[in-house]
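Colleague: Provide a 3D model corresponding to the input given below.
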Amino acid sequence: MNYDLVIKNGRIITAHTSFTADIAIRGEQIAAIGQNLSGKREIDAAGKLVTPGAVDIHVHLEMPIGKFTSSDDFFTGTRAAALGGTTAVVDFIERQPGETMLAALADRRVLADPKVVIDYGLHMTIGPHDIAHLDEVPAAYAAGCGSFKLYMAYGLRLTDDQIFKALTAIRSVNGLPVVHAENWDVICTLIAKNLANGNTAPRFHPLSRPAIMEGEATGRIIDIAALVGTRLHIFHVTCGETAGRIAAARARGLPITGETCPQYLLITQEAYDRPGAAGALPVCAPPIRTQDSQDALWRALSKGDLQIVTTDHCPFTRAEKATGITLYDFSQIPGGVPGIETRFTAVYSQGVRRGLLTENQWVDICCTTPAKLAGFNNKGDIVVGYDADLVIFNPEKEVTLSAAFLHENVDWTLYEGMALRGWTETTISRGRVIVDDGEFVGEMGNGRFVRRRFDD
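Modeller: Coordinates of the predicted model:
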C-alpha cells in the first residue's frame, strides 16, 4: 500500500519502548508502523531518532505585562517551537473586565489562528475579578478550554477562599486547574525590605522569593485541592521543597502533577550576579535557584516526582529587561525568559546524555505526558490513528546556542555559548513537513486551535 509520506529506518522512541521501523502517514494521521513501507515521499532516518512531536503546555506569546508585551508573537514563537521539535503548545487567555470568557477566547483566537504554524490550545485564566463569573466556566470548557490558570501571586493573585471557589467550579466540569504557587504576602514584604535597605540589584530577586515559601504555597493549594476533590497541576517548580510536596501528595494517592523548566535545569542563581543589564536577563518567577535546587529537580524528574518539562517561554528584549536596572528596582524587571526552541534538545543533551534520564523518559517528559495531561488526545505518541506529529532527531548533531543561532524573536538567550549534543532535523505537523533539514518550510496558519477536554 502506498502512503503520502514514509519515514524509513529510524529508531522510534516512545515513552514505553524503542525499536527500528518505518512510519507511514496518510493525510494528517499515522497510518501504519512496520517494515518496508513505501510512500510518495520517503525520508531516510537511518541513524536518527524518531519521536512524537514535543508538547509544551506553558508558553506566553504576545502576552502583555505592564507596559511591555512578550516579544514572540504567535508566528515567531510557534516557528521557533517547530524548529526545536515542538508540535503543540498551550498559551493563555485573560478575560478583560466587561467581557465574557467566551469573548476573551474569541479575541485570543483572532490573534493566534492566522499566525500559528503548529497546533495550540489555551488555558483560561481565573483572576480575582473572575470569581463573580464562575458560572461561565462550563461554557469555556465546552468551547475547548480544558484547563484553567490560577495565580497565587501578582495582581491576578487569588485568596484562599477564592482558590476554593475556583477549584470547585473547575472540578464541576472535569477541567484541569494549573497554578502559579508562591506566597505573595511574604514576597511583597521581602521586596519592600530589600529595596528599603538599598538592595536594588537583580541578585535580590531570588532572595525575595525563597524556596521554602514556594513549597509552602504549593502545599497549601494541594490541601485545598484535596478538600475540593480535584486534580491539580503545579507550574514551574524550581526547588526540592516544592517537588517534595508534590511527591508526598502523590504518595497519598492525590492526583497532583508538577513541571519544571529548562532555566531551572541548566542555569543557577549566580547568573543574577552578572554586571549591568546582563543580571536582569534571568529574572523570572519563581526565580532560578542554587545548584542544590537544580540537582533536586533532575532527581525528581528521574524518579517521576515531577512529570513534565515545559518552558514558561515569555521573552522580553534586552532593553526591556534592563528597565529595573535603570529604575534601581529589581521588582520592576519584566519577568520571563525565552526557551521555546531549546527545551527538547536541552532535556536530551543534559538529561539523557549525562545518564540522568533514559531516552524513553525524555519522550515521556517532553511529549507523551504533557499531551495526555493537557487533553491533546491524539498527540504525544506514535500510534496508528494519532496525529502525524513527528520529529526526526539527530542525536549526534552538536550545536552551540546563541541568540544568532536561535529563532526566538529576542536579542539574547540565557544559554549563550552553551554546547548541546542532539538537535531536531525534521518536524512534521499533522502529516506536513514544516522543518526540513533544520530549515523552516511551514506556513502561517498551518496550526489549529485544539478543543481540549477530558473523559468524564
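Colleague: before we move on, what SS does K40 have?
Modeller: Using DSSP: H, G, I helix; E, B strand; the rest coil, the structure places K40 in strand.
Colleague: so what's it up against?
Modeller: By Cβ atoms under 8 Å, 6 or more residues apart in numbering, K40 lies in contact with N2, Y3, D4, L5. Any C-beta I mention is one placed from the backbone N, CA and C, and that applies to glycine too.
Colleague: Y3 now?
Modeller: Contact analysis of Y3 by Cβ under 8 Å, 6+ apart lists A24, I25, R26, A31, A32, L37, S38, G39, K40.
Colleague: does the second one touch G39 like I think?
Modeller: Yes. In this structure, I25 is within contact of G39 by Cβ atoms under 8 Å, at 7.4 Å.
Colleague: joint contacts of those two?
Modeller: Residues touching both I25 and G39 by Cβ under 8 Å, 6+ apart: Y3, D4, L5, V6.
Colleague: and the helix or strand harbouring A106, what's buried?
Modeller: Using DSSP states H and E, A106 maps to helix 101-112. Under the neighbour-count criterion of 16 or more other Cβ atoms under 10 Å, helix 101-112 has M101, L102, A104, L105, R108, R109, A112 buried.
Colleague: ok, Q361 to V347 distance?
Modeller: Distance, Q361 to V347, by Cβ to Cβ, to the nearest Å: 9 Å.
Colleague: neighbour count winner among those two?
Modeller: Taking other Cβ atoms under 10 Å, Q361 and V347 do not tie; V347 has more neighbours (25 against 18).
Colleague: and that one, what's its pLDDT?
Modeller: Predicted confidence (pLDDT) for V347: 98.
Colleague: just checking, it is part of a helix?
Modeller: Yes. Counting by three-state DSSP, V347 is located in a helix.
Colleague: ok, it to C145 distance?
Modeller: Distance check for V347 against C145: by Cβ to Cβ, it reads 27 Å.
Colleague: tell me which residues in the lengthiest helix in the chain are buried?
Modeller: In the chain, with assignment by DSSP state H, the single longest helix is helix 211-228. Neighbour counts using 16+ other Cβ under 10 Å place 211, 213-222, 224-226, 228 of helix 211-228 among the buried residues.
Colleague: what lies in contact with whichever helix or strand comes after it?
Modeller: Downstream of helix 211-228, the first helix or strand assigned by DSSP H and E is strand 232-234. By Cβ under 8 Å, 6+ apart, the residues outside strand 232-234 that reach it are 147, 167, 176-179, 181, 218, 221-222, 225, 242, 246, 255-259, 373.
Colleague: if we use 7 Å, what do you get?
Modeller: Residues outside strand 232-234 that contact it (Cβ atoms under 7 Å, 6 or more residues apart in numbering): 176-179, 181, 218, 221-222, 225, 242, 246, 256-258, 373.
Colleague: from the residues you listed, which single one is nearest T323?
Modeller: Nearest to T323 out of these is A181 (Cβ to Cβ; 26.1 Å).
Colleague: thought G219 was touching the closest one, still the case?
Modeller: No. Taking contacts as Cβ atoms under 7 Å, A181 lies outside contact range of G219: 8.8 Å.
Colleague: how close does H133 get to E443?
Modeller: Separation of H133 from E443 (Cβ to Cβ): 37 Å.
Colleague: out of the two, which sits in the busier spot?
Modeller: Using other Cβ under 10 Å as the criterion, H133 and E443 rank with H133 on top: 15 against 11.
Colleague: which non-adjacent residue is nearest the more buried one?
Modeller: Nearest residue to H133 in three dimensions, chain neighbours excluded: M101, at 7.0 Å (Cβ to Cβ, 6 or more residues apart in numbering).
Colleague: same question for E341.
Modeller: Closest to E341 by Cβ to Cβ, 6+ apart is G84, at 3.8 Å.
Colleague: now for the one you found, how many residues are close by?
Modeller: Applying other Cβ under 10 Å, we find 26 other residues in the vicinity of G84.
Colleague: show the contacting residues for the nearest residue to T413 once chain neighbours are set aside.
Modeller: Closest residue to T413 apart from its sequence neighbours, by Cβ to Cβ, 6+ apart: A403 at 5.1 Å. If you count contacts by Cβ under 7 Å, 6+ apart, A403 has them with D411, W412, T413, E416.
Colleague: surely the second one forms part of a strand?
Modeller: No. Residue assignment for W412, taken from three-state DSSP, gives coil, which places it outside any strand.
Colleague: that one and G85, how far apart?
Modeller: Between W412 and G85 the distance is 22 Å, computed by Cβ to Cβ.
Colleague: rewinding a little: just the buried members of the contacts of A403?
Modeller: Among the contacts of A403, the ones that count as buried (16+ other Cβ under 10 Å) are W412, T413.
Colleague: is it possible to export the contacts of A403 to a markdown table including pLDDT and distance to G10?
Modeller: Formatted as a markdown table, those follow (pLDDT from 0 to 100; distance: Cβ to Cβ, whole Å):
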| residue | pLDDT | distance to G10 |
| --- | --- | --- |
| D411 | 97 | 36 |
| W412 | 98 | 35 |
| T413 | 98 | 29 |
| E416 | 97 | 32 |
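Colleague: G339 against T311, yeah?
Modeller: Yes. The criterion here is Cβ under 7 Å, and G339 meets it with T311 at 4.1 Å.
Colleague: alright, I will stop here.
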